[in-house]
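K.L.:
Okay, sequence plus prediction incoming.
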Amino acid sequence: MPGFGGDRDSLQPLADRIHADGRQAEVLTLPGDGTGDLLQQVSVLDKAVNDALRAGSPSVDIVGYSAGGVVARLWVADDAGAKKARRVITLGSPLHGTQLAAAGNALAPGACPTACQQLAPGSPILAPIGGAAGLPWLSIWTEDDQTVTPPDTARLPGAINLPLQQLCPGVRVSHEQLPTDSRVIALVLASLGQATLSAPAECPREGVS
């Protein structure tokens, strides 16, 4: 699931590595270039999952980048996603909103589209978001994030919560670099390959995925 703005290109390297690892991978195209109603994006995700299951996929994993992870959480809460997905991995996702969206809505409301408004902390769409709903869930974020603020808004009760610098002290990774960073890609691949999702024990070497 792409983030705000619906940029598919930034997720293609990750999708290519997942595919090279022997799994099918699809980067979804979001309506309204990813800036429209998050609930409409939930419908896109639900259809993609249902299509994959009907086509014979034994299971479906969701990887959500930035606002795409919020969409995954809404889907799990409102569309019985917990019964359809095997596990969820989110990357720099403002699961409880981002102050950047709140500032944009306050300072330039006309320039803050629907998804921007919904991503402000305390928005009606985010208020009901609880924990991981019993679903294996890995939430990775970077402490260098200046888009999702504060960065630990990505923390989700019941999930494996992993600030990248906790595992890889001293690394510098921006919000935009999360889906293309080789260490993050390696963590995603390792987590998809586990029979039972568990917290990573060590930092992958840079350039190894």
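P.N.:
Done, it's in.
K.L.:
tell me which residues of the top helix by length along the chain are tucked away?
P.N.:
Of all the segments of type helix in the chain, defined by DSSP state H, the longest one is helix 38-54. Of the residues in helix 38-54, Leu38, Gln41, Val42, Val44, Leu45, Asp46, Ala48, Val49, Ala52 count as buried by neighbour count, 16 or more other C-beta atoms under 10 Å. The C-beta positions use only the backbone N, C-alpha and C, and glycine is treated the same way.
K.L.:
got it, and stretch 127-143?
P.N.:
So stretch 127-143, judged by 16+ other C-beta under 10 Å, has buried residues Ile129, Ala132, Ala133, Leu135, Pro136, Trp137, Leu138, Ser139, Ile140, Trp141, Thr142.
K.L.:
if we can go back for a sec, pick out whichever of the buried residues of helix 38-54 sits closest to Gly6.
P.N.:
In terms of C-beta to C-beta, no member of those lies closer to Gly6 than Gln41, at 8.7 Å.
K.L.:
got a list of what that closest one touches?
P.N.:
When the contact criterion is C-beta atoms under 8 Å, 6 or more residues apart in numbering, the partners of Gln41 are Met1, Leu30, Pro31, Gly34, Gly68, Val71, Ala115.
K.L.:
From the buried residues of stretch 127-143, which shows the smallest pLDDT?
P.N.:
Lowest model confidence among the buried residues of stretch 127-143 falls on Ile129, which carries 74.
K.L.:
How about that one: what's its closest non-neighbour residue?
P.N.:
In space, and not counting its chain neighbours, Ile129 is closest to Arg73: 5.7 Å by C-beta to C-beta, 6 or more residues apart in numbering.
K.L.:
Over to Pro113?
P.N.:
When the adjacent residues along the chain are set aside, Pro113 lies closest to Thr35, with 4.2 Å between them (C-beta to C-beta, 6+ apart).
K.L.:
Give me the pLDDT for that neighbour.
P.N.:
Turning to Thr35, the model gives it a pLDDT of 92.
K.L.:
What is the burial count for it?
P.N.:
Neighbour count of Thr35, defined by other C-beta atoms under 10 Å: 18.
K.L.:
repeat for Ala103
P.N.:
Using other C-beta under 10 Å, the number of residues around Ala103 comes to 13.
K.L.:
For the chain, just list every one of the helices.
P.N.:
For the chain, the helices identified by DSSP H occupy 12-20, 38-54, 67-78, 99-107, 114-118, 164-167, 182-193, in order along the chain.
K.L.:
which one of those lies closest to Gly158?
P.N.:
With C-beta to C-beta, the closest approach to Gly158 among the helices of the chain belongs to helix 67-78: 10.9 Å.
K.L.:
tell me the average confidence for that closest one?
P.N.:
Summarised as a single mean, pLDDT over helix 67-78 is 93.
K.L.:
likewise stretch 52-63?
P.N.:
What stretch 52-63 shows for mean pLDDT is 95.
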